[in-house]
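**Student:** Provided below for reference: sequence and predicted model.
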Amino acid sequence: MAPLLALRDVDARYGPIHALHGVTLTVDEGEIVALLGANGAGKTTTLRAISGTVRRSGTIEFAGTPLGRRGPESVARLGIAHVPEGRGTFSELTVWENLRLGAYVRRGSVRADAARVLQYFPWIESRSSQQAGTLSGGEQQMLALARAVMQRPRLLLLDEPSLGLAPLVVAEIFRIVQELVKNEGTTVLLVEQNARSSLAVSDRAYVLEVGRVAVEGSSAELAENESIRRSYLGY
Amino acid sequence: MAVSQLTRTLVPTIRIRWSAWIVPALLAGGCIFLVVGSIQSSLFAQQTVSGLANGGIYASLAVALVLIYRATEVINFAQGALATFTTFVAWQLLQWGLSYWPTFVLTLAIAFALGVIVELVAIRPVERRGNVLTVVIASIGLLILLEGAVGWIWKPTVRFMPSPFPLHFWHVGGVAFSSQDIGTIGVSIASVVVLWAFFRFTKLGLAMRAAAVRPHAARLVGVRVSWLLSLGWGLAATLGAVAGLLVAPNPSVQLSPSMMDGILIYAFAAAVLGGLESSIGAVVAGLAIGVVLSLLGSYVSWVTPQLQLPAAFVLMLIVLLVKPSGLFGRTTVRKV
């Protein structure tokens, strides 16, 4: 079976800075794939290259469709939801409006969708008319996840969902992500600094080093291999 | 030590309460003053209503400015010139024999198209390469270009623009209200309300708000941000066209290439007073400026029409000194 997402020799640059040097990776339908590595290794840039928020070259195929020069709006419409660094919360809008925007590209009523999504985040219902910027960091991360699920994505790109959150909240978020994969059939590409917990929830993992894939393998293998853990993952 | 602790805990709370209540209190006080005054004196009532009519025009143009400011973070200096241009288009349509209300609707459609085209041709290319300042300069250039174009096409003579409202007075008690004033208030408020409802209740309106505050995040959920920016310019130009059509029949203004210049200044004042980001603020401030100037003009003998523009600025300055975010500017919470 062809992979849902395939990157071949993807390069990306920010002006003169060359951030990705030929990244090749695949994500199969229904998988959680972790993308690990140190600061500046190119994890975030890889996600940006997929969603079209950075200029890229090489080939990226999603469900057999080459992404070519598509911009973020168009990639989103193909069924890829990108929760960016900083969560992309519309902090000036209400919680409900944030969810509503997740379903922007679809026609018709969103109430039924919202009810389904809120099963995973029951606390949101009572806070729906609150300004999103007044939520706590963990709540904002969950709102960002809920908004992304409202997009009914086939592929979810998550950029460091654990950043700045308490361990208990991180565990809760990872638990919800696993549930989403199981119940909604979503596929996840997860960027993380936190190698230990992301290896625990993912099926496979890639470790990036200065814009290249240095190591790849099943998450269980990587977690067990002490030399890889020491030299790349730092625990 | 106990005292210093007490003041430390008390003073901030007092400050927060004060700033939260002062604006509503002022507005409520102002409304009571206007109502009581109008019951007491028919001249006062008449001046209030004609002030509200002028204020409605300032308000709709101010909302157009706010609309573009929120999307582009730029004050559109060409807003008035766009309105003048479309009003001349309306005049031309009337000359060709179209009747008033079809002309009105057609003019709004033309204004919308013009706004979209201006954004596509003059603003977007500049914005992509430059910064906010270059866009401001582009809008000033646009102002000069449009005023020149109006003068060149229609010759810079003063023309007569008919009013949509038949000359008629309603007598309530001893007070005569002109249909022109009432109609102007009605149309300007209605157009602002329609726009507000569009932003508040429609999906497209929500997407426009999202694109204005967080363009990058909006693109990630599939919002075509650049297209919505053009749409925003179109809506602003439409609102400006309403203001132009309401202003032009006013005998003290007349249809001329520079007719919106003074009004644009009042609209600036209203937009700034309202906090630049708030359309409700712009409406309230626009109406307030209209009423205050109208009452000052008729009750304070040395406030002549020459002094009205400076008076608006003094008012604006005082408010900005007291509350720099404007009357309705709210501090938004931002967490990263």
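**Tutor:** Cool, the structure landed.

**Student:** just the pLDDT for residue B:334.
**Tutor:** With respect to pLDDT, residue B:334 scores 39.

**Student:** could you do residue B:122 as well?
**Tutor:** So residue B:122 comes in at 89 (pLDDT).

**Student:** check whether residue A:10 really touches residue A:26, as I assumed.
**Tutor:** No - Residue A:10 is not in contact with residue A:26 according to CB atoms under 8 Å; the separation is 11.9 Å. Where C-beta positions appear, they are placed from N, C-alpha and C, glycine not excepted.

**Student:** the more surrounded of these two?
**Tutor:** residue A:10 (24 against 17; other CB atoms under 10 Å in any protein chain shown).

**Student:** for that one, list each beta-bridge partner.
**Tutor:** Beta-bridge partners of residue A:10, counted by DSSP bridges, are residue A:23.

**Student:** spit out the contact partners of it.
**Tutor:** Neighbouring residues of residue A:10 by CB atoms under 8 Å, 6 or more residues apart in numbering or on different chains: A:20, A:22, A:23, A:24, A:46, A:49, A:56, A:57, A:58, A:59, A:60.

**Student:** need the pLDDT of it.
**Tutor:** 94.

**Student:** gap between it and chain B?
**Tutor:** Applying CB to the nearest CB, to the nearest Å, the value for residue A:10 to chain B is 19 Å.

**Student:** can you map out the helices along the stretch 1-150 of chain B?
**Tutor:** Listed in chain order, the helices of the stretch 1-150 of chain B (DSSP state H, counting those that start in this stretch) span B:2-40, B:42-72, B:79-95, B:100-118, B:124-129, B:132-154.

**Student:** figure out which of those is closest to chain A.
**Tutor:** helix B:42-72 (10.1 Å; CB to the nearest CB).

**Student:** just the angle between that closest one and helix B:132-154, please?
**Tutor:** With axes from the mean of the first three to the mean of the last three CA atoms, to 10 degrees as the basis, helix B:42-72 and helix B:132-154 are set at 120 degrees to each other.

**Student:** same for helix B:42-72, what does it pack against?
**Tutor:** helix B:2-40, helix B:79-95, strand B:175-178, helix B:179-201, helix B:203-213, helix B:225-247, helix B:261-273, helix B:279-299 (3 or more CB pairs under 8 Å, 6 or more residues apart in numbering or on different chains; DSSP states H and E).

**Student:** which stretch in those has the least confidence?
**Tutor:** What stands lowest among the helices and strands packed on helix B:42-72, in mean pLDDT terms, is helix B:2-40, with a mean of 70.

**Student:** closest to residue A:139 out of the helices of the stretch 1-150 of chain B?
**Tutor:** helix B:2-40 (24.2 Å; CB to CB).

**Student:** before we move on, back to that, quick one: which of the helices of the stretch 1-150 of chain B is nearest residue B:163?
**Tutor:** helix B:100-118 (8.8 Å).

**Student:** and that closest one, what's its mean pLDDT?
**Tutor:** Helix B:100-118 comes out at a mean pLDDT of 95.

**Student:** stretch A:40-55 now?
**Tutor:** Mean predicted lDDT for stretch A:40-55 stands at 93.

**Student:** in that stretch, which residues are buried?
**Tutor:** The neighbour-count check on stretch A:40-55 (16 or more other CB atoms under 10 Å in any protein chain shown) flags A:41-54 as buried.

**Student:** one more: stretch B:170-180?
**Tutor:** For stretch B:170-180, by 16+ other CB under 10 Å, it's B:175, B:177, B:178, B:179, B:180.

**Student:** chain A against chain B: which residues are in contact?
**Tutor:** A:51, A:53, A:71-73, A:76-77, A:81-82, A:84, A:86, A:88-93, A:97, A:100-102, A:104-105, A:131, A:133-135, A:137, A:140, A:147, A:151 (CB under 8 Å from any CB of the partner chain).

**Student:** which of those residues fall in strands?
**Tutor:** Among the residues of chain A next to chain B, DSSP state E puts A:81, A:82 in strands.

**Student:** sorry, back to before: if you rank the contacts of residue A:10 by neighbours, which is first?
**Tutor:** residue A:46 (29 neighbours).

**Student:** these two touch, right, that one and residue A:212?
**Tutor:** No - applying CB under 8 Å, one finds residue A:46 not in contact with residue A:212, separated by 10.8 Å.

**Student:** what's the distance between residue B:279 and residue B:108?
**Tutor:** Applying CB to CB, to the nearest Å, the value for residue B:279 to residue B:108 is 18 Å.

**Student:** which of the two has more neighbours?
**Tutor:** Between residue B:279 and residue B:108, counted using other CB under 10 Å, the more crowded position is residue B:279 (23 against 19).

**Student:** contacts for the least confident helix or strand in chain A by mean pLDDT, please.
**Tutor:** Lowest mean confidence among the helices and strands of chain A (mean pLDDT, DSSP states H and E): helix A:226-228, at a mean of 85. The contact list for helix A:226-228 (CB under 8 Å, 6+ apart) reads A:207, A:215, A:222.

**Student:** got those as a markdown table, with secondary structure columns?
**Tutor:** Listed next are these as a markdown table, based on DSSP: H, G, I helix; E, B strand; the rest coil:
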| residue | secondary structure |
| --- | --- |
| A:207 | strand |
| A:215 | strand |
| A:222 | helix |
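
**Student:** including pLDDT and neighbour count, could these go into a markdown table?
**Tutor:** Output for these, formatted as a markdown table (pLDDT from 0 to 100; neighbours: other CB atoms under 10 Å in any protein chain shown):
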| residue | pLDDT | neighbour count |
| --- | --- | --- |
| A:207 | 94 | 23 |
| A:215 | 92 | 18 |
| A:222 | 90 | 23 |
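
**Student:** out of the residues you listed, which one sits closest to residue B:290?
**Tutor:** residue A:207 (65.9 Å).

**Student:** excluding its backbone neighbours, what's nearest that closest one?
**Tutor:** residue A:215 (4.2 Å; CB to CB, 6 or more residues apart in numbering or on different chains).

**Student:** ok, that neighbour - contacts?
**Tutor:** Residue A:215 neighbours (CB under 8 Å, 6+ apart): A:206, A:207, A:222, A:228, A:232.

**Student:** go on, residue B:22?
**Tutor:** Contacts of residue B:22 (CB under 8 Å, 6+ apart): residue B:323.

**Student:** quick check: the gap between residue A:97 and residue A:151.
**Tutor:** For residue A:97 relative to residue A:151 (CB to CB), the value is 15 Å.

**Student:** which one of these two has more residues nearby?
**Tutor:** It is residue A:151, of residue A:97 and residue A:151, that has more neighbours when counted by other CB under 10 Å, with 24 against 18.

**Student:** excluding its backbone neighbours, what's nearest that one?
**Tutor:** residue A:81 (4.2 Å).

**Student:** check residue B:280 too.
**Tutor:** residue B:328 (6.1 Å).

**Student:** let me know the secondary structure of the one you found.
**Tutor:** Per three-state DSSP, residue B:328 ends up coil.

**Student:** would you confirm that it contacts residue B:26?
**Tutor:** No - contact criterion CB under 8 Å: residue B:328 and residue B:26 do not qualify, at 11.8 Å.

**Student:** of those two, which one has the most company?
**Tutor:** residue B:328 (20 against 13).

**Student:** dump the residue contacts of that one.
**Tutor:** Contacts of residue B:328 by CB under 8 Å, 6+ apart are B:23, B:274, B:275, B:278, B:280, B:281, B:284, B:285.

**Student:** go with 10 Å
**Tutor:** Residues in contact with residue B:328, defined by CB atoms under 10 Å, 6 or more residues apart in numbering or on different chains, are B:23, B:273-285.

**Student:** if anything else comes up later, I'll come back, but that's it for now.
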